[in-house]
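**Student:** Provided below for reference: sequence and predicted model.
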Amino acid sequence: MGKGDSPRPLSITPDEWARNWNKIFKDTSKKKKVRQPKRKSDEMSKIIDFYDDIGKDSSGRAFVDVVSFGFDEMEACHDYIQWLFPLREPSQFNPEAPLLTDEDIKRFKVGFKEYLDRAPNFEGAVDMFLSFLGFEWVWSKGKNYFKLSPNWEERKYTWAEELNHNHLRITRFLSCLTLLGWRAVAEDLLDFIKETAEQKGFVLNSKSVEYWEGALDVE
C-alpha cells in the first residue's frame, strides 16, 4: 500500500463488491479483525490450516515463512504458489499441494466476512504477488485501484515478455481470486495488465491472455 492508504475491507461478497464498490467500502471500512484463540488442526483442510497459521506446507514451511520470501526466492521456487493460491486441479509442478474444495471456499468466505486470521493473511499473499509483478493494490479515499509500484522498472521483466513461466502463475492467481469470490478484483487486475502493456508498449502473448480471460470464468 502507498503511504497514508488505509487497509482494504474484506468482509464483502463478490456480488456486493461488483454492484457498488464505494458503498460497500464505506459500510465496511471500520470492520475489525477478529482474533480468535488458535484452534487445533482438524486435519480436514491443509489449505485452511496453512492460512490459519496452524499448519505447514509440504516443504515444512509455515505461512509466515512463505510470505517472507524475497523476489529472487519467489522466482526460483516452484512449490509455494500452489499453497498461496490453491486451485481445484492438481499442479504438475507440485503434485503434493492440496486441492481447493467447496468446503475450503466456504471457509475462506466465512473468514473474509468475519475477518478471521485467514482474511488478512490472504490479503498479504495477494499484496506479495502483486509486488512481485511490479504492481500495488491501493485503498485510498473510498477508492480501490491498481497502480505501478516504485519497483516497476525492475519487476516488469518478471512477466512483460512474450512468454514465461510467470504467465502460468498469473493464470493461477486470477483463477484463485475468482474461486474465492474476488472475481471483480481479478477482472480489474486483468484490465490493468492490458492497459499497462498498451501504455508501456509491449505485446502480451495472445495465448496467455486467453488463459487469463478464462480464469475469470472458473467455478
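**Tutor:** Received, thanks.

**Student:** In the protein, which residue is most central in space?
**Tutor:** Nearest residue to the geometric centre of the chain (CA atoms, centre = their mean): Val126, 3.4 Å.

**Student:** got the phi/psi numbers for it?
**Tutor:** phi -60, psi -50 (degrees, to the nearest 10).

**Student:** in what helix or strand does the residue nearest to it when sequence neighbours are not counted lie?
**Tutor:** The shortest distance from Val126 to any residue other than its chain neighbours is 6.8 Å, reached at Trp137 (CB to CB, 6 or more residues apart in numbering). C-beta: built from backbone N, CA, C; applies to glycine. Assigned by DSSP states H and E, Trp137 belongs to strand 135-140.

**Student:** can I have that strand written out in PDB, keeping just the CAs?
**Tutor:** Coordinates of each C-alpha in strand 135-140 appear next as PDB, following Å, rounded to 0.1, in the frame of the first residue of the first chain:
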ATOM      1  CA  PHE A 135       2.000  -3.700  -9.000                       C
ATOM      2  CA  GLU A 136       0.300  -2.200  -6.000                       C
ATOM      3  CA  TRP A 137      -3.300  -2.600  -4.900                       C
ATOM      4  CA  VAL A 138      -4.400   0.700  -3.200                       C
ATOM      5  CA  TRP A 139      -7.300   1.500  -1.000                       C
ATOM      6  CA  SER A 140      -7.500   5.300  -0.600                       C
END
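
**Student:** by contact count, what packs against that strand?
**Tutor:** Counting contacts by 3 or more CB pairs under 8 Å, 6 or more residues apart in numbering; DSSP states H and E, strand 135-140 packs against helix 118-133, strand 143-148, helix 183-200.

**Student:** Out of these, which one sits most buried?
**Tutor:** With neighbours taken as mean count of other CB atoms under 10 Å, the helices and strands packed on strand 135-140 reach their highest mean count in helix 118-133, at a mean of 19.
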